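Chemist: Show me how the following folds:
(one chain, ligands or ions: 1)
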Amino acid sequence: MRLIFLGPPGAGKGTQSLLLLQRHGVISLASGDILREAIRGNEPIGKEADRFMKAGQLVPDDLITGLMLDRLGKLAKNQSFVLDGFPRTKDQALALDAWLIEHRHKPVDLIIDFEMDEDKILKRLEGRRICRTCGASYHMKNLVPKKPGQCDHCGELLQVRPDDQPETIRRRFVVYHRQTEPLLEFYGSQKKVRPVPGDLEIEAQYQALVEVLKKERLVA
Ligand code: AMP
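Modeler: Model prediction:
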C-alpha cells in the first residue's frame, strides 16, 4: 500500500504510522522527522530548514521535495509506504506525482485525512514530548515513557518540541489551512481521500484506520 497521511499537527499521523510499521511492516517516511534528523546532525539542509520550522512555517518546496524523493528512491519498488507530512503543498504533490510516473512506481493508493478540531489539538500538543537525541515521540498522557522524562530507546532527556509552543502551533494551523488543506480538493478530484477521526484514543484511531484500509482491500 502507498498512503499519504494528511491532517493538522497533532492529529495522530506520526503515532498511526508507527503502528502501521509495527503491525504491517509499512515503512513511514515522516518529513518532519527527517528534517529534525538533519538539524540534529548539523547538516546544511537542517540549518536552512530550522528557522522556518521554529517559526511554524513550511520549509521551501524544493528543499523538502528533494529530501523526500531521495528517500523514496531508496525504497524497493513494491515496498509499502506511508508519507507522513508530505506533500503539504500543491507543488509538492505535483512533484511527487511526476516522480512516481518517471520512476515507474504505482500511484499513491489513498490519502488519509486525519480530521481534528483545533482546541482539542492545542490540548493534546501540550502533552507531546520528543527525545532530544533520537527524536522518538511521546505523550505525557497517551504514550507515556517507561521512566518519567526519559527516552525508552536511548535514555536521553525528553523535551517539548520547539514548534509546539501555543503561539507557533496557532501559526501552523494557519499555514495548514492556507497551504495544505487545498490538497484535499486536489486529491478529492481523484477520489482518493478517506477521513479518519483525529480525536480518538490511539487504539480506536488505529482500528478506524484499518477499517478504511480493509474496505479498500489494502489489508486483509
Ligand atoms: P511535522 O513534524 O510534520 O509537524 O513537521 C514539522 C515542521 O517541519 C513543519 O511545521 C514544517 O516547518 C516542516 N515540514 C515538514 N514537512 C514539510 C513539508 N512537506 N513541506 C514543508 N515543510 C515541512
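Chemist: residues from the chain in reach of the ligand?
Modeler: Applying C-beta under 6 Å from any ligand atom, we find that the chain lies next to the ligand at 9, 31-32, 35, 52-53, 56-59, 64, 85-88, 92, 163, 172. Glycine gets a C-beta too; all of them are placed from N, C-alpha and C.
Chemist: okay, and the helix or strand of the chain with the least pLDDT?
Modeler: helix 118-126 (a mean of 88; mean pLDDT, DSSP states H and E).
Chemist: Can you get me a residue count around the closest residue to residue 214 other than its chain neighbours?
Modeler: In space, and not counting its chain neighbours, residue 214 is closest to residue 220: 7.7 Å by C-beta to C-beta, 6 or more residues apart in numbering. By other C-beta atoms under 10 Å, 6 other residues sit near residue 220.
Chemist: Next: residue 164.
Modeler: By other C-beta under 10 Å, 20 other residues sit near residue 164.
Chemist: residues contacting residue 61?
Modeler: Residues in contact with residue 61 (C-beta atoms under 8 Å, 6 or more residues apart in numbering) are 89, 91, 92, 95.
Chemist: Can you give the contact residues for the helix or strand where the third one lies?
Modeler: Going back to what we said before, that points to residue 92. Using DSSP states H and E, residue 92 falls within helix 90-102. Residues outside helix 90-102 that contact it (C-beta under 8 Å, 6+ apart) are 61, 64-65, 68-69, 72, 83, 86-87, 105-108, 182-183, 186-187.
Chemist: which among those end up buried?
Modeler: With neighbours counted using 16 or more other C-beta atoms under 10 Å, the contacts of helix 90-102 contain these buried positions: 61, 64-65, 68-69, 72, 83, 86-87, 105, 108, 183, 186-187.
Chemist: how much space between the residue in the chain sticking out farthest from the centre and residue 137?
Modeler: In the chain, counting by C-alpha atoms, centre = their mean, residue 147 sits farthest out from the average C-alpha position, at 25.8 Å. Using C-beta to C-beta, to the nearest Å, we find residue 147 at a distance of 16 Å from residue 137.
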